[in-house]
Each structure stands twice: as C-alpha cells, then as structure tokens.
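Trainee: Provided below for reference: sequence and predicted model.
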2 protein chains.
Amino acid sequence: MPKSKRRYLLREVPGGVAAPCGFEASGVRCGIKSRGLDLALIYSVAPAAAAGVFTTNRFQAAPVLVTKDRIGREPIHGVVINSGNANACTGGKGYRDAVHMANLTADALAVPKRSVLVCSTGVIGRPLPMSKLSSGIKQAAAALDPEGGSAAAQAIMTTDTRPKSVAVEFELDGRPVRVGGMAKGAGMIAPNMATLLAFITTDASLSPGLLQSRLGAAVKRSFHRITVDGDTSTNDTVLLLANRQAEAARITPQHGLSRFREALDYVADHLARELVRDGEGASRMIEVRVRGAASESDARRIARTIAESPLVKTAIAGGDPNWGRVLAAAGRAGVSFVPGLVDLSLGTVQVVRGGAVARHRASAARSAVRTSEVRITLDLNAGDREAVMWTCDLTRDYVRINAEYHT
Amino acid sequence: MPKSKRRYLLREVPGGVAAPCGFEASGVRCGIKSRGLDLALIYSVAPAAAAGVFTTNRFQAAPVLVTKDRIGREPIHGVVINSGNANACTGGKGYRDAVHMANLTADALAVPKRSVLVCSTGVIGRPLPMSKLSSGIKQAAAALDPEGGSAAAQAIMTTDTRPKSVAVEFELDGRPVRVGGMAKGAGMIAPNMATLLAFITTDASLSPGLLQSRLGAAVKRSFHRITVDGDTSTNDTVLLLANRQAEAARITPQHGLSRFREALDYVADHLARELVRDGEGASRMIEVRVRGAASESDARRIARTIAESPLVKTAIAGGDPNWGRVLAAAGRAGVSFVPGLVDLSLGTVQVVRGGAVARHRASAARSAVRTSEVRITLDLNAGDREAVMWTCDLTRDYVRINAEYHT
C-alpha cells in the first residue's frame, strides 16, 4: 500500500518478529548449511492465536503438513525453522522427522508438544540431520532474546543475499500495538524453491477467525503479487501469531481493525517487495499493472504472464523498452480481449495506443526501463478491474545461481 | 516419430522446400537486417492447395491476418517471407503493407494477386521498409531456382544459429512423392518471439480438407510439443503447400495416406527438434514425458510446466539432476494428482518412487542429465494417457542474447 493512502500513524520500530510484546527470537548455527546461521526460533511467552497460508503445490513438504494440522486448533508458543534442508519428498520418515523437530523444540521451551509449528527450507529430498537439529534447538532455545529478531531473520536465509525484517507500531486506546515480521525468498518465488517463508507476529488481541481472514487479505495484496520465476515451492508458508500481550483492548471489526489492517498490510507489503528486490540475480524490480479488465482474474492472469515472461524479463535486464514482448506475453495469457483497444505505458511513457505503436521518444522509453523500479501498465480498456504483480528482471546471474545450486 | 516405428521406406533427399517437383525457392538480401539474407520466396509452377496453422496469440501480426484470409480459399502460387521485421503491432498501415508485399510478389511472379501468402519475422512495432522489399522481391523472383531451398532457409533466420531444412521421398504407385520443409525459431518458441515459421511443400495430390487435417495432426506431434521459453509470438505460422506435380495418383484415406502421413510427420518432427536444439543459448535438448495421466490435457499441462520451469532448465544447464525441482514444477501445474504415487526417472535412472526419493547412484543421475539429449519421465500412475514436450536448457547465453536483442 502506498504510504500516502495510509490513514493512521504507523511508526517503524526495530526488532523484527521479536518487536511485539512477549515475543523472543533467536538464530543459531547447527551445521545444516555449509556456513552461516541455519536454525531460527520464535517464542511467545503467552499462548498465541495463529493463522497460516500455505503452498498450493501438490507436493507439500512434511513440515507444511505438520504445521497445517496444528494451526487454528491449538494455542501456539513457538515456531522452529531450519534452512539448508526442505524436508520435502522425504516420505513417512520426513513426516516423523518434522514432528520430532517440533517435539524437541517443545521440550526445550517447556511448552505443550502441539504448541510448536515447524518450517524447513533448502534442498529437496534429503533426510533432516536430526542430531544436528537436536543440539541446535537446545542452543536456539537458550539464545532466545527480545533482541533476537535479526539473528532469526539471518538464520532462515538460503540464496537470499540479505535478511528481510521489519516491524511497526500504532496506537490503539492510547496504548502501543506492534506488528513485526521476517521473510526469506530469493528463487522459486511465485512463491519459490524451497521456499518463500514469512513469519509475522503481533501483540494485538484478535479472534483466530479474524486473524485468518486478515492474513488472507494481506497475503493477497503482498506475497501473492510476487513472482520471481513462476516456480512455487513445496514449502511456502506464511504464518501470523497474535499473543494478546499489548495493553490495548481486543481488536474487533468495530474497534481498531482498520489500524491493525494497515499495520499488517505494511509489514506484508514491505517483506514482499524486499523478496522481489532480492530475487535471484535481480538488478531491477518490475511492477506490472493490468487495468481496464472485465474481471480481476483476467487482469491477474495477464499480469502474471507478463511478469513471468523470460523475454520481457531479459529485455528489462538489458535496459531495453521492448514493448512488443509485453504485448506478445499479454496476448498468450489465455484471456479474451480486443487487441485494437490495448494501451501500454512504460513508466509514464505511453508506447502503445489502440494496439499499435504510439508516437513516443525512444530515449524516454529507454529511461523508463533503466531504473531500479520499472513500471509496466497495460490497459485493456474493457472494464474496471485491475491486478498488480511484482517481479524482477532475469539476468545472467539468475542462471549462474540456479545452475550452480546443486542437489 | 522414432525411425524404428516407420512402416514405409523414407529416403532423405536434398533441396528442402524446393525438393518436391514443381517448386522453386530463393533467398536474397534486401537490407532489412543489418547483415545476411533477409527475403525468401517459395514458388510453385502449378497452383497449390494450401493449409495453415497459426499463432493463438491475441495479438496477430498483419501478415498472419492476410495469410489466414487467403488460405484454403485460393489456389496458391507463392509465399514471400522477410526476416528482420515482424510487421506486428503496426496498425492499419501494417495490414496494407502486408497486402502490398504480397501484391508486389504476385506481380513479380506474374500470378493472381490473391495466390501469394506472406510471412514476416523480426522486431515488433516498426513499419516494413517497403522500398527495400520492393526491390528485394524482384531480385528474389529472378533468383528462383529448384536448388534454392538452402538460400531460402537461410533468409528466414533471425537469432537462429543455423538454417533448418529437410526433405524426404517415398514411393506411391511406383512413382516418387516428395515432402520438403524449412523452419526458423530460436527464441519465443512456444512457439516464440517473433517467431516460429515453418514451410512444408509437397508434390503429392490431396484435397484441401485432407491437407488441413494432416497438417493439424502433424503439428500436434511436432511444433506443438516444443517450448523454449513459453513465449508464443504474434507471427507463428506453419504452412503446407501441395501442388500435385508428382506422377503418383491422388492421395485419399484409402490410398497412400499412411505413407504421406509418415513423410509429413518426419519432416515436421525433424524441423521441430532442430528448432529446440537451436533454442537461444541452448546447450542440451530436453524431452519431458508425462505418462500414467487421467487425461492427455493433464499430462500435457504438467509436461509443459516442467519444460518451462526456469529452475528445471537452469539445473539441466548446470548438469544437476535436481529432481526436486521437477516434482515442484509438476505440483504447481494446476492438475490434481496423488503425490504419493508419482515416479520420476532421469534417462533410465529412477530417482523418485511413490513421491519420495528412490535409492539410486548420484553419479548415474548426474550422467543422465549431462548428455546432449536429456530425458525426464514422470509417471503419475493414475491412468494411461501421456504427453511429450521438447525444450532446451536455460543458459547464461539465453539471457545474453535476449537482453541484447534490442528493439
């Protein structure tokens, strides 16, 4: 959401997922990856309501199955996340390992077994190194800290080049309420190879139903808008925990919900944009907006086809205003529209009017795609629905990273 | 079609599109591209029946509209093709230019105006250089030759690294019948940026209806199996001309059709594989076979999603048997299946059994993807339908070529 549209005062605060009251976090190294932190823990001192959005891939990793089974049913005290191994396509043993990983965490935190959620990201098809995890979990529990958000954000990275973490505060009833978050992505974002993971925490008090519906809406406007390469992973997970430790009153549709929604949307929007900016090999962020469509699903399908077109993405990487490739991608999206009505702009430069090239300065069109955030706007002039996708350009570095990331 | 399945004797002969009796061809330079031949002509001394398969992109280039309008209605004497400019997204002027280009050719060949078809490939959104074309067409008409097939195959190339041309002969009633063809592709194959073009000629005698149905079937088993980057172009066209100049009797479903079908399939299969082998930046050809599906469309959708996955294609480029990426791509194809039943092989090495990693030698899996033709076979074990897609790997060279191919 553009900042100008916000109605209430939001203030960024440090701390990431551990910024809200009653949350602690840690990130440690247990040796799954060849280097760097690879195990993160989020802990809530009070039982938290939890909501989740998960991968739609037919292949769902063991930790996804375990977490889906627990969410919404039990009060949650902790989330354990490892990077370096996705625990996907690992059969019955993988499922038992995921449950065991959660149980080890529950023991270390001295909380009920089913109050821990579990996520994994990394290579597919390898068994989890349970002895490393076992000692790592103890270490992570001992390291829990209200200042631990940034270590946790580092520990969930795979091919990400930098941690993604943010937190905001707003006031309700004269009392502060906070929403914090962290995410990891890089490749296989659409979301991607093992994986898009995002964790959002809040000290607000909301019913589990309201929490789930607000998370769904926030994800639709953020993580569901991003695509790096069209490859959804087996492990994609977005979790939201609300532990009710803020002193403000309970949030209801009648009280405080619009403020909470703005804070949640801000965090989700920030993390999603960061994921795209840090897409594998990315040199530019691209926003594709399709408007004037008969339906939102038409608009979304066209926007996604453009955003995932290798020819469009390589053209942007090369700083080339190749609008012909944008039209060609739109035309193959499987949506019926009248080509002769289509307008297209790159940044503020209109390059196509009524389906044919519009008179424009080539240098202006070039400048419009040689920026760090490129805007492509296609208008079908056939309705009033629209959709937005965010992606990044396709560079030689993307290929290098993905050709060399070995199983 | 594998050669072993052929029932009749087919013999490759030289000459490409000009190999069948009564066809001539030429390729000349008229200055549309910065270098190389850029204008091709195919001429039939006798009026030919014609069939065509065209791009399904909503944006269709002017020459596609002109050619679609003529095909099946008029006897055809010639096809004029330029490379370097797609005459797409060029509005009403583009349409008039395409008609004019065909008329100039009809004049040069002294044949009826509506007996000429027209194709263009190259950059989108620029007006055709009509004066260059006008002198080029005269030059090409003067250069027509029964030996001109290879020059024509060169003149239709854009980012192709080599011409694609083939011809075969079979016997019917003790008389030779020939089928010849040429194609160009490279990027935007699915088929791609402006363009997949293929031209097939035969001296056989068939009804226009039979010709169209056989072309449709041949395209389904060849050009519709290939994808380089998922980007269909505005100009994709496959044409088949039959001029009845062979001395053999008319081909009917009862007489000679199976022989003709084999010859046509051979030519289409050969050209389609050549297009993939010469995909932009390609270092390996990949065949994706999905079997055991409940329906052919399910199988096709999964095969295509795997074949277009940037993560799968970069893994193959890197010689990495990353079967997790293959499963993840299959799982996001939008097809319902049971993950726990899925088997996957790379070459002859089974790497997944029942949805989880199968015991296999890592070195054998590596060898299976470090070949010039990589075979990926996914079995859903849920039916008896199957589909095949052919693609190529995604290399840094693909990005280089497409980032530098400027509008």
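Mentor: Arrived safely. Please read these numbers as outputs of a predicted model, since none were measured by experiment.
Trainee: what's the pLDDT at the residue in the stretch 201-350 of chain A that chain B sits nearest to?
Mentor: Closest approach of the stretch 201-350 of chain A to chain B (C-beta to the nearest C-beta) occurs at residue A:324, with a separation of 2.6 Å. (Each C-beta comes from the backbone N, C-alpha and C, glycine too.) According to the per-residue confidence, residue A:324 scores 87 in pLDDT.
Trainee: excluding chain neighbours, what is closest to it?
Mentor: Distances taken as C-beta to C-beta, 6 or more residues apart in numbering or on different chains place residue B:124 nearest to residue A:324, at 2.6 Å, with adjacent residues excluded.
Trainee: who touches residue A:225 in this structure?
Mentor: Each residue near residue A:225 by C-beta atoms under 8 Å, 6 or more residues apart in numbering or on different chains is listed here: A:272, A:388-390.
Trainee: take the residues you listed and keep only those in helices.
Mentor: residue A:272 (DSSP state H).
Trainee: ok, back up a step: distance check, the residue of the stretch 201-350 of chain A closest to chain B against residue B:361.
Mentor: Per C-beta to C-beta, to the nearest Å, residue A:324 is found 47 Å from residue B:361.
Trainee: which one of these two has more residues nearby?
Mentor: Under the criterion of other C-beta atoms under 10 Å in any protein chain shown, the comparison of residue A:324 against residue B:361 puts residue A:324 first, with 29 against 9.
Trainee: in a helix, that one, correct?
Mentor: Yes. Checked against DSSP: H, G, I helix; E, B strand; the rest coil, residue A:324 lies within a helix.
Trainee: please report how far residue A:385 lies from chain B.
Mentor: Using C-beta to the nearest C-beta, to the nearest Å, residue A:385 is found at 17 Å from chain B.
Trainee: contacts only, for residue A:30.
Mentor: Counting by C-beta under 8 Å, 6+ apart, residue A:30 has contacts A:38-39, A:82, A:132-133, A:135-137, A:139-140.
Trainee: distance-wise, check the closest residue to chain B within the stretch 1-150 of chain A relative to residue A:39.
Mentor: Chain B sits closest to residue A:124 of the stretch 1-150 of chain A, with a gap of 2.6 Å, by C-beta to the nearest C-beta. Noted for residue A:124: a distance of 19 Å to residue A:39, by C-beta to C-beta.
Trainee: before we move on, back to that, most neighbours among the contacts of residue A:30, please name it.
Mentor: residue A:140 (33 neighbours).
Trainee: average pLDDT for stretch A:222-237, rounded please.
Mentor: The average pLDDT for stretch A:222-237 rounds to 76.
Trainee: actually, stretch A:141-157.
Mentor: 97.
Trainee: between the two ends of that stretch, what distance do you get?
Mentor: 19 Å (C-alpha to C-alpha, to the nearest Å).
Trainee: what separates that stretch from the chain centre, distance-wise?
Mentor: Offset of stretch A:141-157 from its chain centre (C-alpha atoms, centre = their mean, to the nearest Å): 19 Å.
Trainee: now do stretch A:218-237
Mentor: Chain-centre distance of stretch A:218-237: 6 Å, with C-alpha atoms, centre = their mean.
Trainee: can I get stretch A:40-57 as CSV, trimmed to CA atoms?
Mentor: Provided in CSV are the C-alpha atoms of stretch A:40-57 (Å, rounded to 0.1, in the frame of the first residue of the first chain):
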residue,chain,number,x,y,z
ALA,A,40,15.7,-19.9,13.9
LEU,A,41,13.3,-19.9,16.8
ILE,A,42,10.3,-17.6,17.5
TYR,A,43,8.8,-17.9,21.0
SER,A,44,5.8,-16.3,22.6
VAL,A,45,5.7,-16.1,26.4
ALA,A,46,1.9,-16.3,26.2
PRO,A,47,-0.1,-18.8,24.1
ALA,A,48,-0.8,-17.1,20.7
ALA,A,49,-3.6,-17.5,18.2
ALA,A,50,-2.2,-18.5,14.8
ALA,A,51,-3.2,-18.2,11.2
GLY,A,52,-1.4,-19.5,8.1
VAL,A,53,-1.3,-19.5,4.3
PHE,A,54,0.4,-22.4,2.6
THR,A,55,1.8,-23.5,-0.7
THR,A,56,-0.8,-24.8,-3.2
ASN,A,57,1.8,-27.2,-4.7
